[in-house]
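Asks: Based on what follows, work out the 3D shape:
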Amino acid sequence: MCKNALGQLQHEDERTRVTLWRFAPGTETGWHVHEYDYVVVPVQGGALTVENRDGRGQYPIETAMSYARPMGVEHNIINETDAEIAFVEIELKD
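Replies: Model prediction:
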């Protein structure tokens, strides 16, 4: 069984929530549904494993190459590599 990735809340107000996520090797978020649209800013890139209802696959993220996803995304994110991977997640509340 994997350990939980470490989420560090950096900022929250009525419009945004900013969390730094650090994935040591063998850690994961656990299954969750995003309640807000969000932007991901990779700090330490690598290949994460993404599990969703359709299956699982490798998802490479590149340092400083941001991307966005809509609310409602349901998945589990796992680091199955030998290196730490980290990103900042910015949730847009309105």
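
Asks: Next, the contact list for Gly45, please.
Replies: Listed by C-beta atoms under 8 Å, 6 or more residues apart in numbering, the contact partners of Gly45 are 60-63, 65, 85. The way it works is simple: take the backbone N, C-alpha and C, and place the C-beta from them, glycine included.

Asks: Taking those residues, tell me the two that lie furthest apart.
Replies: Met65 and Ile85 (13.2 Å; C-beta to C-beta).

Asks: ok, back up a step: now, of the contacts of Gly45, which are buried?
Replies: Neighbour counting by 16 or more other C-beta atoms under 10 Å classes 61, 85 among the contacts of Gly45 as buried.

Asks: Which single one of the contacts of Gly45 is nearest to Val43?
Replies: Closest approach between these and Val43, by C-beta to C-beta: Thr63, at 6.8 Å.

Asks: Parallel or antiparallel, list what pairs with the worst-scoring helix or strand of the chain on mean pLDDT.
Replies: In the chain, no helix or strand scores lower on mean pLDDT, DSSP states H and E than strand 3-4, which sits at a mean of 92. Paired with strand 3-4 in the same sheet, following DSSP bridges, are strand 27-28 (parallel).

Asks: mind checking which helix or strand the residue nearest to Gln8 when sequence neighbours are not counted is in?
Replies: With C-beta to C-beta, 6 or more residues apart in numbering as the measure, Leu20 is the residue that lies nearest to Gln8, at 4.5 Å, once sequence neighbours are left out. Using DSSP states H and E, Leu20 maps to strand 16-23.

Asks: and that strand, which residues are buried?
Replies: Buried, per 16+ other C-beta under 10 Å, within strand 16-23: 17-19, 21-23.

Asks: Then stretch 79-91?
Replies: 79-80, 84-91.
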